[in-house]
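> Fold the stuff below for me.
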Amino acid sequence: MTRTFNWKIVVQTLGALLQILALFMVVPTLVSYFYNECDTGAFITSTLVTFIVSCICLHAGRHASKRVGEREGYLIVGLIWFVFAIFGALPFYLSGSLNFTDSYFESMAGFSTFGGTVYSDVEAQTHGILFWRSLMQWLGGMGIIVLSIAVLPMFGLGGMQLYAAEVTGVSYEKLGPRISGTAKGMWGMYIALTLSEFALLYFCGMDSFDSVCHSMATIATGGFSTQNLSIMEYSPAIQWIIAVFMLLSGINFTLLIFIFRGKPLRLWRDEETRWYIIATLIFTFILAMGLFVHYGFVEPDTALHNSHDYLMHGERALRKAFFMVTSAVTSTGFAASDYMTWPKMWWGLVFFLMLLGGCAGSTAGGFKQVRIILLFKNGLAECQRRIHPNAIIPAKLNGKPVEQQTINNIMAFTFFYLFITVISMLIFSAAGLPFDEAIGTAFSAINNVGISIGNYGPSGSYADFPIIAKWWATFVMVVGRLEIFTVLLLFSPALWRK
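Okay, here's the model as predicted:
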């Protein structure tokens, strides 16, 4: 049976989502007005433009059939990131702080939680701009579509197809019979973690504005900071708090919810979560020992370096290591140290951690722990199959056999992941980047990490990133954020064939 493509529902859904974006734009507008800053007019204009376009889309899509098929679902999810990035760029562009290319790059880096910035002097920006950067990451962190599933029923819209296209890990878990209930539960946890971190940061001496911005960027695993040196100049207590919340944000949010339902063991019984926590602790110990031994390379503090208080040396090495490991593995991109000053052998560890990623169902980017687990287990199972060719030996996750289709999906994902990364490296190199920086930024873009090496390390920015490379990087950010297939399917003739 064939059916026509439901364009009206696509336009109507985009209109509804843009109306939500316009509503959130009011918040940085009020922040700019409160601080009596010159870009209030730019935010007001951006909000009005976004709202007017949303009304036009809703009107154009009126009387649309509520049927949302796979094609419509994938197109909506794929388009909304690019559409949001365009309208999210308006405050940057209209305020005159950035040109259009840089505005779009900054906006996409926010919504995709890439976190790399084109601002060479972040501290010179207005409160409205800084707040908008963090709010974009907070909205993009949990996923625009997961947000929309919780509120689209107000517009008479919604659907499992949107959730399935957005949550594109190896598996996703529903908390109840209704998908909107799952989305609301995840957002409830998201808000609770954000408020908890804000309270702790404020209590430990960070001012209220910075506490709000860093809390939103942390829970979203985004990495936008209000400071040029990220988290480097904050107190040890603040660095520990942010590191712990980065670790929590890398865990499947549906499993975190079970803690508050009185089922904390459900979290530890999950094999991916165990691998994630154990791997984080192991790599923290390895890096901490390395930094302790090579302490003179770790931004030496004169008074501390000349003392013989090894306990203080140990705490500092452990803190810097734990912060960097959690920041890299969750793709947050915050920095409590400039790892470019470390021995080069540790750069490789940082990039390996960027590849690992967090858990499926979290806000973290990267390859995801569950895929690595299944690739490893399938490799072991394949060795057994070679010995016993007639035996059926499936890879298992949480004690249950994993379908071969899932393994095939991971294999295909791995191929496209490496293929897009290599293509990105070649494009960045052709644009004029040194090869090491091209490699670093390619992995950073597809993993949504933000930080790289060289001029694009923790103390740098993407201000001088070549224009062609910027546009390609914004595309790769979305590909990585939606975990490849959602975007690639839009270019597949099979999806559009009736």
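
> Residue ranges in the chain under the pLDDT threshold?
1-3, 144-181, 295-310, 498 (pLDDT under 70).

> Okay, the residue of it positioned farthest from its centre and Q384: tell me how far apart.
The outermost residue of the chain relative to its centre, with distances by C-alpha atoms, centre = their mean, is N390 at 43.1 Å. Using C-beta to C-beta, to the nearest Å, we find N390 at a distance of 12 Å from Q384. All C-beta atoms are positioned from the backbone trio N, CA, C, and that covers glycine.

> would you list every one of the strands in the stretch 301-450 of the chain?
Here the stretch 301-450 of the chain has its strands, by DSSP state E, counting those that start in this stretch, at 396-397, 400-401.

> for those, which one ends up most surrounded?
Highest mean neighbour count among these (mean count of other C-beta atoms under 10 Å): strand 396-397, with a mean of 16.

> Pull the residues that contact it.
E271, E272, V370, I373, L374, K377, V402 (C-beta atoms under 8 Å, 6 or more residues apart in numbering).

> Return the subset of those lying in helices.
E271, E272, V370, I373, L374, K377 (DSSP state H).

> just checking, the first one touches I372?
So the one you mean is E271. No: the criterion here is C-beta atoms under 8 Å, and E271 misses it with I372 at 11.6 Å.

> As a markdown table, the strands of the stretch 301-450 of the chain with distance to W347 would be great.
Formatted as a markdown table, these follow (distance: least, C-beta to C-beta, whole Å):
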| stretch | distance to W347 |
| --- | --- |
| strand 396-397 | 32 |
| strand 400-401 | 38 |
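
> Buried members of the ones in helices among the contacts of strand 396-397 into ChimeraX, please.
Command for ChimeraX, covering only those of the ones in helices among the contacts of strand 396-397 found buried under the criterion 16 or more other C-beta atoms under 10 Å:
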select :271,272,370,373,374,377
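
> So which of the ones in helices among the contacts of strand 396-397 is the closest to F82?
V370 (27.7 Å; C-beta to C-beta).

> wait, that closest one sits on E272?
Yes: contact criterion C-beta under 8 Å: V370 and E272 qualify, at 4.5 Å.

> and for the two, which residues touch both?
C359, A360, L397.

> quick one: buried residues of the strand or helix carrying V212?
Using DSSP states H and E, V212 sits within helix 208-219. By 16+ other C-beta under 10 Å, the buried positions in helix 208-219 come out as D210, S211, V212, C213, H214, S215, M216, A217, T218, I219.

> Of all pairs in the ones in helices among the contacts of strand 396-397, which one spans the longest distance?
E272 and K377 (11.7 Å).

> which ones are touching M216?
S134, L135, Q137, W138, T194, G222.

> Nearest to G454, out of those: which one, please.
The closest of those, once distances to G454 are taken by C-beta to C-beta, is G222, at 21.9 Å.

> which element is T45 on?
Judged by DSSP H and E, T45 forms part of helix 40-60.

> list the buried ones in that helix?
Here helix 40-60 shows 40, 42-44, 46-47, 49-51, 53-54, 57-58 as buried, counting by 16+ other C-beta under 10 Å.

> And stretch 402-422, by the same measure?
V402, T406, I407, N409, I410, F413, F416, Y417, I420, T421.

> Among those, name the ones in helices.
Per DSSP H, the subset of the buried residues of stretch 402-422 in helices is T406, I407, N409, I410, F413, F416, Y417, I420, T421.

> Any chance of TSV for those, columns distance to S32?
TSV is the format used below for these (distance: C-beta to C-beta, whole Å):
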residue	distance to S32
T406	47
I407	51
N409	45
I410	45
F413	42
F416	41
Y417	40
I420	37
T421	38
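
> out of the residues you listed, what pair is the most spread apart?
Largest pairwise distance in those, by C-beta to C-beta, is 22.3 Å, between T406 and T421.

> Stretch 430-440: how far from the chain's middle?
Distance, stretch centre to chain centre, for stretch 430-440: 23 Å (C-alpha atoms, centre = their mean, to the nearest Å).

> quick one on the thing from earlier: with the buried residues of helix 208-219 in mind, which one is nearest to F322?
Nearest member of those to F322, counting by C-beta to C-beta, is T218, at 14.3 Å.

> quick one: contacts for that closest one?
Taking C-beta under 8 Å, 6+ apart as the test, what T218 contacts is E197, I242, F245, M246, S249, T332, F334.

> Secondary structure for these - can I get that in CSV?
Shown next, in CSV, are the contacts of T218 (DSSP: H, G, I helix; E, B strand; the rest coil):
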residue, secondary structure
E197, helix
I242, helix
F245, helix
M246, helix
S249, helix
T332, coil
F334, coil
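
> wait, which of the residues you listed is closest to G460?
Distances from G460 to the contacts of T218, taken by C-beta to C-beta, are shortest for F334, at 14.4 Å.
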